[in-house]
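J.: A predicted structure for the sequence below; I have some questions about it.
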Amino acid sequence: MDGGLRRAIGLSRVGRALGQRRCVVQDPFDALGCSDWSTPVRGNTGASLKVSLSGAGKVTSSPAGINCGGGASDCNEAYLPGTVVRLTARGAGNINKPVYWLFDHWEGACAGQGYVCTLTMSAARSAKAVFVRETNGGL
C-alpha cells in the first residue's frame, strides 16, 4: 500500500474484544491493526449534512465539502461535531436566455436564514435551497 494512503482497518487490541476502538492507519501497521501514526476514532466521527435543491441553482460550503447543483452532485458531507458550516446558495442564469433562477428561501435546518446559512454541526441535518424562476433577469 502507498505510504501516503490512509485506510480504515479493524478494531485494535482491547477494542477488538470489546468493539470500542477503531484506528485509521498508514502502513506499516502492527499485527494488531494500529501503527505508531494511528488516529484513534471513537464513537460518532461526524455529523452528516445533506443539501437538496428545488429549481436551478447551486449550494457550496465553507469549509469545503458541499458542491451541489449546477452540474455538481456532492450534496452530502460529514463534519466533526462543533464545526461551523457556512452554506451559500446562488441562483442560475444563462446570458443567452432571459430566464434566471433566483434564491428564494431555505427549508429545513437553514429555514429563516438569508442566502448564506450558518450551521454549527452537532447532529445529522438537512437543508433545502429553493430557487424561483424569473424572466428578464428578475427586473
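T.: It's in. Residues are numbered from 1 along each chain as shown.
J.: and the closest residue to residue 62 other than its chain neighbours, what element?
T.: Nearest residue to residue 62 in three dimensions, chain neighbours excluded: residue 86, at 4.6 Å (C-beta to C-beta, 6 or more residues apart in numbering). All C-beta spots, glycine's among them, are computed from the backbone N, C-alpha and C. Using DSSP states H and E, residue 86 sits in strand 84-91.
J.: what pLDDT, on average, does that strand get?
T.: Average pLDDT, strand 84-91: 97.
J.: Show me the contact partners of it.
T.: Outside strand 84-91, the residues within contact range by C-beta atoms under 8 Å, 6 or more residues apart in numbering are 49, 51, 56-63, 65-66, 79, 100-103, 106, 110, 115-121, 127, 129, 131.
J.: repeat that for 6 Å
T.: 57-62, 79, 101-103, 115-121, 129, 131 (C-beta atoms under 6 Å, 6 or more residues apart in numbering).
J.: List only those of these flagged as buried.
T.: 57-61, 79, 101-103, 115, 117, 119, 121, 129, 131 (16 or more other C-beta atoms under 10 Å).
J.: Contacts only, for residue 106.
T.: Contacts of residue 106 by C-beta under 6 Å, 6+ apart are 113, 117, 127.
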